[in-house]
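Trainee: whatever this is, show me its structure:
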Amino acid sequence: MPQLVTAGAMMMCPFGLAPSVLSVLPINKTMAGTPAATIMDCAPMVNIPPFGMCISLANPTVAAATAAALGVLTPMPCIPVTVPWTPGSPTCLIGGMPALNNTSTCMCSWGGVITLGFPGQVTTNVP
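Mentor: Purely as a prediction, here's the structure:
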């Protein structure tokens, strides 16, 4: 069952060399312990920080550095270029936008498909 994604969710990119943490601003005033995310929480450097170094040859800086190194893959700093998350929750809206759930993905223009490993929200059983 999909879980709601909140600030602090762990993200991964197949072309990034390190995981990253989703940042959600509390502008929608919806909290699930921490601010809840929508599909529009996809702004590079605001919501989606870099994933360390990038190894995608679709990234112009990686391609240029690799060409300068005579074809040896040369990672360069990750600067995500993203579009809104898809598909989002079909039944839950936050601020008029679909809520982000842990099955959603986000495409980077450099070819990466950003996924969510840990959604940031946990369920506790209180006796």
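Trainee: OK, contacts around S56?
Mentor: Counting by CB atoms under 8 Å, 6 or more residues apart in numbering, S56 touches F15, V62, C108, W110, G111, G112. For glycine as for every other residue, the C-beta is placed from the backbone atoms N, C-alpha and C.
Trainee: just the buried subset of these, please.
Mentor: Listed as buried from these are F15, V62, C108, W110, G112; burial here means 16 or more other CB atoms under 10 Å.
Trainee: and the nearest residue to the first one once chain neighbours are set aside, what's its pLDDT?
Mentor: What that stands for is F15. Spatial nearest neighbour of F15, chain neighbours left out: S56 (3.9 Å); criterion: CB to CB, 6 or more residues apart in numbering. We have a pLDDT of 98 for S56.
Trainee: just P26 next, same as before
Mentor: Looking at P26, the pLDDT reads 87.
Trainee: hang on, it packs against P35?
Mentor: Yes: with contacts defined as CB atoms under 8 Å, P26 counts as touching P35 at a distance of 4.4 Å.
Trainee: follow-up on the earlier one: take the contacts of S56 and lay them out in JSON lines including distance to T6 and pLDDT.
Mentor: Converted to JSON lines, the contacts of S56 look like this (distance: CB to CB, whole Å; pLDDT from 0 to 100):
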{"residue": "F15", "distance to T6": "25", "pLDDT": "98"}
{"residue": "V62", "distance to T6": "32", "pLDDT": "98"}
{"residue": "C108", "distance to T6": "22", "pLDDT": "98"}
{"residue": "W110", "distance to T6": "26", "pLDDT": "97"}
{"residue": "G111", "distance to T6": "27", "pLDDT": "97"}
{"residue": "G112", "distance to T6": "22", "pLDDT": "97"}
